[in-house]
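Student: Everything below, folded, please.
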Amino acid sequence: MDEALRDQDTAVSGNSAQAAHANRHPRRTEDRDRETRSGRARGFRWFGRLISWDDLEDQPPRDEAVIRELQSQVWSAESRICRLQNEVQEAHDEAQKARSQVQQAWSQLRVEQDTNQRLCQAAQSIRSERDSLSVSIEKQEAQIRQVQALAFEGIGGDSWAAGDDGTVRADLENLHTRLKSWAKKYAANDMSEVLKGLDPDEHISFIQLLAPVVRLRAGTRNSMEHLESTSMKKKSPAMCLQGLLAYHVYAKIIGRPFFALGDAAETLHNVYMAIQQGEMRYHQRGVNERESHLWRSKTLRLLSAPPSNAQPSNVHPGDGRPSYSAAQKTVCRNLAIDFYTSPAQHLIKPPTQPGGDAQEQDNACLTDLEAISQHAGELSSRLWSRQTALRVKSLAELKDERFVARSELMKAHLLHRLYEDDDECDGWLVGVVTHPAVLGFGSGDGRDYTAPRVWMKAEVWLAKDI
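Tutor: Sure, this is the predicted structure:
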């Protein structure tokens, strides 16, 4: 009660004070009232509607339920805002990742473009080289065709084959040196030891093999007694081995124009000899010796000419037959093996090199022998491709001739140590032919086959009493 009275007194006092102030400042009081009225009339906007101060003063306070509802809405809005922010961040991260992938793709694309450009440049370079090679090959083929045309046009002459007589003699002397060196390197040391190691059958085969090269003593128990003497037993193995190899090479290769043709060689050789001797029907046709040599020369040149496509090959173009060159090499290899496995092997010393491999030494001996055989094959092909002809003379043709120092057909073996025109061995007979005599006939243009020329003298070991 007292408090109410005091509040009332206070209000009255306040009003009295305001009245007193209005009396003292009448203009200020009027202006304040005017502004108050204007503000109440103007009011304030709140959530889209106009609320006057009077309304605010008259509006009752909101209850707690409304406040909680508003707070719930605020929290819900904040949650949505947070989720949206997270989604925006995720989208931003995805966009950043996508930009990185795009940049990597562009980098890879640039690398591939550079690689592709280099490959294109390399391909262009290869195409240019291919075009250049094609032009070069065409030029070479044209040149080869021209050379072949010239070669076949000049097939009647000897420019395609071996050279003149001086060249032929030098080639034959080279072959002789190779034969002698091989025999000296691989021959056994003692003829007596060689013969002692043979059984009866081997001895018979060995003597039969030596017969075309060595003059054997008839009517004696030991037909090779003159080769087993104290002065000869160390030297005769090399002489006999050289003579056997020379006979083998000349009889099987040098002396046979068509040796490389295998089974057909004998047939062609018989035809050649028949034409040359004017037998069968050829004589009636007027075929003479000159034409026989021309036929033989042209046949060998055509056989050994390179294929028309000018590409080296081991087979004949168009079929599976071996080329002439390949067939020649095969025959020469087989002939070397035939000699190495013949009874002549008894004259080859066994491998005795200390610490050496016997198989390797055997292989070296056979390899050297094959090299000689191949060399002889090439020489034979060149010689018989000429229109000139050759003839080989060995013991069968020389055994009845007595040696003279000035012989045009024979020369004494170095073991005799004869000086020029030394007649010490004149009248002696041939004991061993270490290299046969080779005679040439005819000229490069296919003329004059009657007068022989000595291309190679026979090398002979002489015996005074046989």
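
Student: all strands of the stretch 251-400 of the chain, in order?
Tutor: In the stretch 251-400 of the chain, the strands defined using DSSP state E, counting those that start in this stretch lie at 389-393.

Student: Where does pLDDT dip in it?
Tutor: 278-288, 306-322, 352-358 (pLDDT under 70).

Student: do that again at 80, thanks
Tutor: 263, 273-289, 304-322, 351-362 (pLDDT under 80).

Student: Sketch out the helices for it, chain order is fine.
Tutor: Applying DSSP state H, counting those that start in this stretch to the stretch 251-400 of the chain gives helices spanning 263-277, 289-304, 324-341, 358-384, 395-398.

Student: With mean neighbour count and distance to Gly446 as extra columns, can I get those in TSV?
Tutor: Every C-beta, even on glycine, is put in place using the N, C-alpha and C of the backbone. Shown next, in TSV, are these (neighbours: other C-beta atoms under 10 Å; distance: least, C-beta to C-beta, whole Å):
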stretch	mean neighbour count	distance to Gly446
helix 263-277	15	13
helix 289-304	18	5
helix 324-341	18	23
helix 358-384	18	14
helix 395-398	17	25
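
Student: Next, format the ones you listed as CSV and append distance to Gln113.
Tutor: Below are the helices of the stretch 251-400 of the chain laid out as CSV (distance: least, C-beta to C-beta, whole Å):
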stretch, distance to Gln113
helix 263-277, 66
helix 289-304, 58
helix 324-341, 53
helix 358-384, 59
helix 395-398, 85
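
Student: Of all those helices, which one is nearest Gln73?
Tutor: For the helices of the stretch 251-400 of the chain, the distance to Gln73 is smallest for helix 324-341, at 105.0 Å, taking C-beta to C-beta.

Student: could you give the angle of that closest one to helix 263-277?
Tutor: Angle between the axes of helix 324-341 and helix 263-277 is 100 degrees (criterion: axes from the mean of the first three to the mean of the last three C-alpha atoms, to 10 degrees).

Student: For Arg301, see how far away Asp199 is.
Tutor: Computed as C-beta to C-beta, to the nearest Å, the Asp199 to Arg301 distance reads 49 Å.

Student: right, and Lys457 touches His413 too?
Tutor: No - under the criterion of C-beta atoms under 8 Å, Lys457 makes no contact with His413, lying 11.5 Å away.

Student: Between those two, point out the one with more neighbours.
Tutor: Using other C-beta atoms under 10 Å as the criterion, Lys457 and His413 rank with His413 on top: 20 against 17.

Student: That one - nearest residue in space that isn't next to it in sequence?
Tutor: Closest residue to His413 apart from its sequence neighbours, by C-beta to C-beta, 6 or more residues apart in numbering: Trp461 at 4.3 Å.

Student: any idea which helix or strand carries that neighbour?
Tutor: strand 458-463 (DSSP states H and E).

Student: Describe which strands that strand pairs with in its sheet and in which direction.
Tutor: Here strand 458-463 is paired, per DSSP bridges, with strand 410-412 (parallel), strand 429-435 (antiparallel).

Student: Quick one: mean pLDDT for that strand?
Tutor: For strand 458-463, mean pLDDT rounds to 94.

Student: what sits up against that strand?
Tutor: Outside strand 458-463, the residues that touch it by C-beta atoms under 8 Å, 6 or more residues apart in numbering are 176, 215, 226, 239, 393-394, 398, 403, 409-413, 415-416, 425, 428-437.

Student: could I get stretch 181-193 in CSV with only the CA atoms?
Tutor: Provided in CSV are the C-alpha atoms of stretch 181-193 (Å, rounded to 0.1, in the frame of the first residue of the first chain):
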residue,chain,number,x,y,z
SER,A,181,102.0,-77.9,-97.7
TRP,A,182,99.1,-80.0,-96.6
ALA,A,183,100.9,-83.3,-97.1
LYS,A,184,104.0,-82.1,-95.3
LYS,A,185,102.0,-80.9,-92.4
TYR,A,186,99.8,-84.0,-91.9
ALA,A,187,101.9,-86.9,-93.3
ALA,A,188,103.1,-89.8,-91.0
ASN,A,189,106.7,-89.9,-90.0
ASP,A,190,107.8,-93.4,-91.1
MET,A,191,106.7,-95.6,-94.0
SER,A,192,107.8,-98.7,-92.2
GLU,A,193,105.6,-98.0,-89.2
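
Student: Can we start the residue count at 758 from this point?
Tutor: Happy to do that; since the first residue is 758 now, the last one works out to stretch 938-950.

Student: Go through that stretch and flag the buried ones.
Tutor: 939-940, 943-945, 948-949 (16 or more other C-beta atoms under 10 Å).

Student: just the strands in the stretch 858-1007 of the chain please.
Tutor: Going by DSSP E, counting those that start in this stretch, the stretch 858-1007 of the chain shows no strands.

Student: count of neighbours near Gln853?
Tutor: Around Gln853 there are 10 other residues, counting by other C-beta under 10 Å.

Student: and the angle from the strand or helix carrying it to helix 1046-1061?
Tutor: Assigned by DSSP H and E, Gln853 belongs to helix 821-910. Using the same axes, to 10 degrees, the inter-axis angle of helix 821-910 relative to helix 1046-1061 is 170 degrees.

Student: on that earlier part again, could you list which of the buried residues of stretch 938-950 belong to helices?
Tutor: Among the buried residues of stretch 938-950, the members found in helices (DSSP state H) are 939-940, 943, 948-949.

Student: what would those look like in JSON lines with distance to Glu835 and pLDDT?
Tutor: Output for those, formatted as JSON lines (distance: C-beta to C-beta, whole Å; pLDDT from 0 to 100):
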{"residue": "Trp939", "distance to Glu835": "112", "pLDDT": "97"}
{"residue": "Ala940", "distance to Glu835": "117", "pLDDT": "96"}
{"residue": "Tyr943", "distance to Glu835": "112", "pLDDT": "94"}
{"residue": "Met948", "distance to Glu835": "126", "pLDDT": "92"}
{"residue": "Ser949", "distance to Glu835": "127", "pLDDT": "91"}
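
Student: quick check, nearest of these to Phe1096?
Tutor: Distance to Phe1096, by C-beta to C-beta, is smallest for Trp939 among those, at 10.8 Å.

Student: Next up, the contacts around that closest one.
Tutor: By C-beta under 8 Å, 6+ apart, the contact set of Trp939 is 999, 1002, 1125-1126, 1129.

Student: Under a three-state scheme, what state does Gly1197 occupy?
Tutor: Look at Gly1197: counting by DSSP: H, G, I helix; E, B strand; the rest coil, its state is strand.

Student: my guess is it meets Arg1210, correct?
Tutor: Yes - the pair Gly1197 and Arg1210 qualifies as a contact (C-beta under 8 Å) at a distance of 4.6 Å.

Student: The two: which has the busier surroundings?
Tutor: The neighbour comparison of Gly1197 against Arg1210 (other C-beta under 10 Å) goes to Gly1197, with 21 against 17.
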